[in-house]
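**Student:** Just the structure for this:
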Amino acid sequence: MPQTSGMDTRAPLAADRPAATEQGVLPESMATALAAFDRHLALERGLSAHTVRAYTRDIASLLGYAIGDHREELADLDIGVLRAWLSSLHKAGQARTSIARRAASVRAFTAFAHRRGWLPADPGAQLRTPKVHRHLPEILGQEQMSAVLTGAGARGHATEGHARSAASRAISEGIDLRDTAIMELLYATGIRVAELCGLDIGDLDQARRTIRVLGKRSKERVVPVGIPAVQAVLTWIERGRPALSQTQRAASATSVAALFIGAKGGRIDPRTVRRVVHARIVATRSVPDIGPHGVRHTAATHLLEGGADLRSVQEMLGHASLATTQIYTHVSIDRLIAVYRQAHPRA
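**Tutor:** So this is what the prediction gives:
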């Protein structure tokens, strides 16, 4: 194997190895390379735990396929194996989006292994990603979103079953104020559910009407917040949060600092936020249930419809690539066409 300055060209050392694949236990060189790749994604690239699990699961599947093809050494991976593996996924009926994601995992792994000197060449660089037919996100119109925010809404505490029966009226009202603030903030900022759950009280700058958000790959950004959302959050902090914080038992520092907490006083979790959003939207019977990510899509589309430039929306949403943000221009155009066809007498 060629010796390249600055690269670790030794075989992978024994390490805490990932679980075995469906095809059986991986050979030592493959298992330890996969463990090293797992650490690289988490520690060096700072990817989320969910993304790291998805990438390593993909590579474990690839390596298992290679073993079945009598390629038991890491250096045996070549473009033929990669293409054959992706082809097998296609024949198994996997969607183009899933195959594209797995191709991205492979490219990241082979580039990593090549830099370490474990692959003599990078076969992933020759791998072409199948074109993905992007589906336009479902969104609400401005009047529909206004109806969700101003309607009575489904009481968020009804989804936290014990709150109605065991907690005091103050706690129930506190949960309702919290859920109102959650809805207002998600729509005002377009932030992700996980980002909202990670917010601390100190992240809100009331004077500047901004909020500090920790996004994917631990990238921090500052997002503007509208007046109604700021007021809803402040009402929650002043009137709702104290009632819920009384239920904290041996509260940790993170839950004490958390902007949003659950009925038991701990930092709110994504599952609860999703239940809140679905309940509030379903309660407004005239609109479709688009879910939390639909609220994010809606916020972005309404910004563009109001005249915001694409770069600003990209920064606000925390997109790494402008191409990701551009999908919202297609949404706006589609809506324009729909309105035209409905309104113009000779459409």
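**Student:** After the worst-scoring helix or strand of the chain on mean pLDDT, heading C-terminal, what element do we hit next?
**Tutor:** Lowest by mean pLDDT, DSSP states H and E among the helices and strands of the chain is helix 162-166, with a mean of 44. Following helix 162-166 in sequence order, the next helix or strand is helix 169-189 (DSSP states H and E).
**Student:** mean confidence for the next helix or strand after that next one?
**Tutor:** Later in the chain than helix 169-189, the nearest helix or strand by DSSP H and E is helix 193-197. The average pLDDT within helix 193-197 is 94.
**Student:** now swap in stretch 277-287 and tell me
**Tutor:** 90.
**Student:** Restricting to C-alpha, output that stretch in PDB.
**Tutor:** The C-alpha coordinates for stretch 277-287 follow below in PDB (Å, rounded to 0.1, in the frame of the first residue of the first chain):
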ATOM      1  CA  VAL A 277     -48.000  20.900  17.100                       C
ATOM      2  CA  HIS A 278     -50.200  18.100  15.700                       C
ATOM      3  CA  ALA A 279     -52.800  18.700  18.400                       C
ATOM      4  CA  ARG A 280     -52.900  22.400  17.700                       C
ATOM      5  CA  ILE A 281     -53.200  22.000  14.000                       C
ATOM      6  CA  VAL A 282     -55.800  19.200  14.100                       C
ATOM      7  CA  ALA A 283     -57.900  21.400  16.500                       C
ATOM      8  CA  THR A 284     -58.200  23.900  13.600                       C
ATOM      9  CA  ARG A 285     -60.400  21.700  11.500                       C
ATOM     10  CA  SER A 286     -60.200  23.800   8.400                       C
ATOM     11  CA  VAL A 287     -56.500  23.100   7.800                       C
END
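**Student:** ok, and for it, which residues are buried?
**Tutor:** Residues Val277, His278, Ala279, Arg280, Ile281, Thr284, Val287 are the ones in stretch 277-287 that count as buried (16 or more other Cβ atoms under 10 Å). In this view, the C-beta of every residue, glycine as well, is placed from N, C-alpha and C.
**Student:** measure stretch 215-226 end to end?
**Tutor:** 20 Å (Cα to Cα, to the nearest Å).
**Student:** Flag every buried residue along it.
**Tutor:** Gly215, Arg221, Val223, Val225.
**Student:** So for the third one, what pLDDT did the model give?
**Tutor:** pLDDT for Val223: 91.
**Student:** Which residues does it form beta bridges with?
**Tutor:** Ile211 (DSSP bridges).
**Student:** For the stretch 1-150 of the chain, give me the ranges with low pLDDT.
**Tutor:** Applying pLDDT under 70 to the stretch 1-150 of the chain picks out residues 1-24, 129-137.
**Student:** need the helices for it, in chain order.
**Tutor:** 28-39, 49-68, 79-91, 96-115, 142-150 (DSSP state H, counting those that start in this stretch).
**Student:** Could you say which one of those comes nearest to His319?
**Tutor:** helix 49-68 (15.3 Å; Cβ to Cβ).
**Student:** Output the contacting helices and strands for that closest one.
**Tutor:** helix 28-39, helix 79-91, helix 96-115 (3 or more Cβ pairs under 8 Å, 6 or more residues apart in numbering; DSSP states H and E).
**Student:** For the shortest one, which residues meet the burial criterion?
**Tutor:** The neighbour-count criterion (16+ other Cβ under 10 Å) identifies Ser29, Met30, Ala31, Thr32, Ala33, Leu34, Ala35, Ala36, Phe37, Asp38 as the buried residues of helix 28-39.
**Student:** Check the gap between Gly151 and Glu184 for me.
**Tutor:** 13 Å (Cβ to Cβ, to the nearest Å).
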